[in-house]
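Enquirer: have a look; sequence and predicted model below, questions after that.
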Amino acid sequence: MTELLLIDPSVSAEAVRRQLAKVRAPRIAIELPDGYSELDNVARLRLLQRQAQGQRSHIALITLDEATRKAAAQLGIPVFENREPALNRKWKMEPDLPFIDPRSPAAGLPEPPPWRRDEIDQRTARPTLHRARQERIQIEQNYKRPLPAWLNWLGYAAMAGLLILMLGGFVRYVLPAATVTLVPGRDTISITLPLTANPNLSEPDLAGNALPARLVETTVEGSGVISTTGTQEQATLKASGQVIFSNLGSEPVFIQEGTVVSTGTGKLAKFRTKSPVQVEGGVGARAFVDIEALEPGIDSNVRASSITNIDGALRFRLRVTNPSGTAGGGTEFKRTVTEQDMDLLTQQLRTQLEGGADYEALKQKLEPGEWLAEESITTRILSQGFDQYKDEPAENLNMTLRLGASGSAVDEATLRELLISQVQTALPERSQLIVNSMTVQRVPGAEGQIDSSVRFTVTVNAEYLVPIDPSQVSAMIAGKSEEEAAQLLQTNWKLAATPEFYRDPTFFGVLPALPSRIQVRVDYGNE
């Protein structure tokens, strides 16, 4: 039975040999892919052939590669062009499967390359395993010979001395331990920070010293009065006189009070009768009646015989004329409202509201723990109303003004957190801030911005516990007495109390010589 072994194009000649070792069949046909050149020399094919001989199998190659076919022919390995003859015919290698001598397994293989011959000669020239084993046995026997008694005692004495020395070092340096308790003193720090409260922020910006603010809005109203400053000539007196009504027909005519007559020539002036009158019947019958001008002013002073018109249907039944001119119409100077009065009252009332009314109204909108910067308050006019128009006569001008006010409210807790963070950044390394000692003072001169944010400056004063480095402390006082160590510590660090020492054991009288055996405890109290 012939077994077919397919070879992948990417495998090496060694991989082909390992694949061949896994197949157990009397005859194995190895099909090589086109262009496969890993087995195109005698040396690699000989290794493949020896693998087949070792597992008692005959191999044949299925390939079209000319170099591979020639190398196989030199070793007696059958070669086919396709599968059919390799699987259906009976074939075997020539020469037949030789016997491999275990004592000389390399017999029949090609000569090794020159660069391997020196290595083979050196390995061949090495002593035999028996000789090497005998040499090791002799060396071990030499080591097992007993030493002289004096040398043994000398070794024991050296070992005892070393143990005593180690024990003494342990008792002197490792066994002692101590704890020193230090109460750090206080120092002060003062920093001035420019800050910005911005309603457009949602989280504090530590790098930019900015914190979020809440926009507060409300409306304020107020009213004011101002004396007018304008003067203008005003028509105040009405002209008066007398007219004669003449009947144009035979029937009597009744003239009611308030009948209007007017001039027929020149500037129009109208008058009204001051009382009712009856004109008797008959053409030419007359009646006299007093008149008064409808409008005040000098324009109602007209000449005689200038009033010739009658308003209404009476003009068809009567004729009118004034035998003499009218008189008494005149003017006088009165105070009037000017545009400057309106602007001045608006400015005064707005200043009054912005001076405190808007701030107090916005403060009512604050939540607990918020602070409102007056400099951030902006106002706008929502409505304004005057009781007089421009150029109208009036002694006083009254006004009602309604303003919209808005400002930026800052949360005191957020501001304090930001300040604590900035102060801690400015503290010396290893120091501890005493938060309860921090005081904040706003510097006058805050500036409101167009976007309702406000820039202001604060001065922060606080106390902190001076930093103490435990490693420096332990290194400084190692091997010192308690009195000397206390003096050194109080000289180099600002302490609030005398250092306290605890030593175990106490019979040495000094602190441990090793800094690592000194524990430094810094007592910060409840700060």
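Expert: Yep, that arrived. Numbers count the residues shown, from 1 in each chain.

Enquirer: give me the number of residues near the closest residue in space to residue 505 that isn't next to it in sequence?
Expert: Using C-beta to C-beta, 6 or more residues apart in numbering and skipping the chain neighbours, the partner closest in space to residue 505 is residue 176 (6.6 Å). (Each C-beta comes from the backbone N, C-alpha and C, glycine too.) Residue 176 is flanked by 20 other residues according to other C-beta atoms under 10 Å.

Enquirer: contact partners for residue 176?
Expert: The contact partners of residue 176, taken as C-beta atoms under 8 Å, 6 or more residues apart in numbering, are 503, 504, 505, 508, 511, 512, 513, 517.

Enquirer: residues contacting the nearest residue to the second one once chain neighbours are set aside?
Expert: Here the nearest residue to residue 504 in space, its sequence neighbours aside, is residue 177; by C-beta to C-beta, 6+ apart that works out to 5.5 Å. The contact partners of residue 177, by C-beta under 8 Å, 6+ apart, come to 503, 504, 512, 517, 518, 519.

Enquirer: any idea how far residue 377 is from residue 358?
Expert: 6 Å (C-beta to C-beta, to the nearest Å).

Enquirer: neighbour count: these two, which is higher?
Expert: Per other C-beta under 10 Å, whichever of residue 377 and residue 358 has more neighbours is residue 358, with 24 against 20.

Enquirer: give me the buried entries from the contacts of residue 177.
Expert: Burial by neighbour count, judged by 16 or more other C-beta atoms under 10 Å, picks out 503, 512, 517, 518 from the contacts of residue 177.

Enquirer: bridging residues for residue 448?
Expert: Under DSSP bridges, the beta-bridge partners of residue 448 are residue 454.

Enquirer: quick one: it and residue 372 touch, right?
Expert: No - if you go by C-beta atoms under 8 Å, residue 448 and residue 372 don't touch, sitting 11.6 Å apart.

Enquirer: what residues are shared contacts of residue 377 and residue 358?
Expert: residue 405.

Enquirer: was I right to think residue 49 contacts residue 78?
Expert: No - applying C-beta under 8 Å as the test, residue 49 and residue 78 come out as separate, 11.5 Å apart.

Enquirer: those two - which one has more neighbours?
Expert: residue 49 (23 against 20).

Enquirer: which non-adjacent residue is nearest that one?
Expert: In this structure, residue 49 finds its nearest non-sequential neighbour in residue 75, 5.6 Å apart by C-beta to C-beta, 6+ apart.

Enquirer: report the contact partners of that neighbour.
Expert: Contacts of residue 75 (C-beta under 8 Å, 6+ apart): 42, 45, 46, 49, 93.

Enquirer: tell me the pLDDT at the first one?
Expert: According to the prediction, residue 42 has pLDDT 88.

Enquirer: just give the number of residues close to it.
Expert: The local packing of residue 42 (other C-beta under 10 Å) involves 15 other residues.

Enquirer: for it, grab phi and psi.
Expert: According to degrees, to the nearest 10, the main-chain angles of residue 42 amount to phi -70, psi -40.

Enquirer: check the gap between the residue nearest to residue 49 and residue 68 for me.
Expert: For residue 75 relative to residue 68 (C-beta to C-beta), the value is 11 Å.

Enquirer: need the overlap of contacts for those two.
Expert: Shared contacts of residue 75 and residue 68 (C-beta under 8 Å, 6+ apart): residue 45.

Enquirer: the chain: helices as residue ranges?
Expert: Counting by DSSP state H, the segments of the chain that form helices are 13-21, 42-54, 66-75, 83-88, 114-125, 129-143, 149-169, 339-352, 358-363, 412-426, 470-477, 482-492.

Enquirer: those: lowest mean pLDDT?
Expert: Among the helices of the chain, helix 114-125 scores lowest, with a mean of 61.
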